[in-house]
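**Student:** sequence below, structure please.
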Amino acid sequence: MKEKLMVAWTKMMFPVKNERGAQSLEWLGIAALLILVLGIISTALSDQKGSIGDLVKNIIDKISGMVG
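**Tutor:** Below is the predicted model:
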């Protein structure tokens with residue numbers, strides 16, 4: 001009985017512990033986030049002629065518009 005339980009436990013836990021490829025997905029997510037942030041910044045800078053305060057306010061407004 002104990003041996004059958006050990007076999008069942010091993011069969012159940014093996015797919016859960018299989019994390020191959022998870023790190024690649026994490027790096028792709030970080031790269032996508034970086035591209036998104038750079039895109040937002042470049043869009044904000046493309047038509048900006050004011051001061052740094054206006055630039056930061058414009059970036060925050062655009063992010064708020066995209067999120068909410």
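
**Student:** switch to C-alpha atoms for all contacts and neighbour counts from now on
**Tutor:** Noted.

**Student:** got the buried residues for the host helix or strand of residue 4?
**Tutor:** According to DSSP states H and E, residue 4 maps onto helix 2-17. Buried residues in helix 2-17, counting neighbours by 16 or more other CA atoms under 10 Å, are absent.

**Student:** and if you look at stretch 34-42?
**Tutor:** 40-41.

**Student:** for the chain, which helix is longest?
**Tutor:** Longest helix of the chain, by residue count under DSSP state H: helix 22-46.

**Student:** mind giving me the packing neighbours of that one?
**Tutor:** For helix 22-46, the packing partners by 3 or more CA pairs under 8 Å, 6 or more residues apart in numbering; DSSP states H and E come out as helix 52-67.

**Student:** and the angle for the helix it packs on with helix 22-46?
**Tutor:** 130 degrees (axes from the mean of the first three to the mean of the last three CA atoms, to 10 degrees).

**Student:** hmm, who's touching helix 52-67?
**Tutor:** For helix 52-67, the external contacting residues (CA atoms under 8 Å, 6 or more residues apart in numbering) are 40-41, 44-45, 48.

**Student:** which one among those residues gets closest to residue 27?
**Tutor:** residue 40 (20.0 Å; CA to CA).

**Student:** just to revisit the earlier point, with pLDDT added, can I get the contacts of helix 52-67 in CSV?
**Tutor:** Listed next are the contacts of helix 52-67 as CSV, based on pLDDT from 0 to 100:
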residue, pLDDT
40, 83
41, 81
44, 72
45, 71
48, 58
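
**Student:** among these, which one lies nearest to residue 25?
**Tutor:** Closest to residue 25, out of all of those and judged by CA to CA, is residue 40, at 22.6 Å.

**Student:** how much space separates that closest one from residue 32?
**Tutor:** Using CA to CA, to the nearest Å, we find residue 40 at a distance of 12 Å from residue 32.
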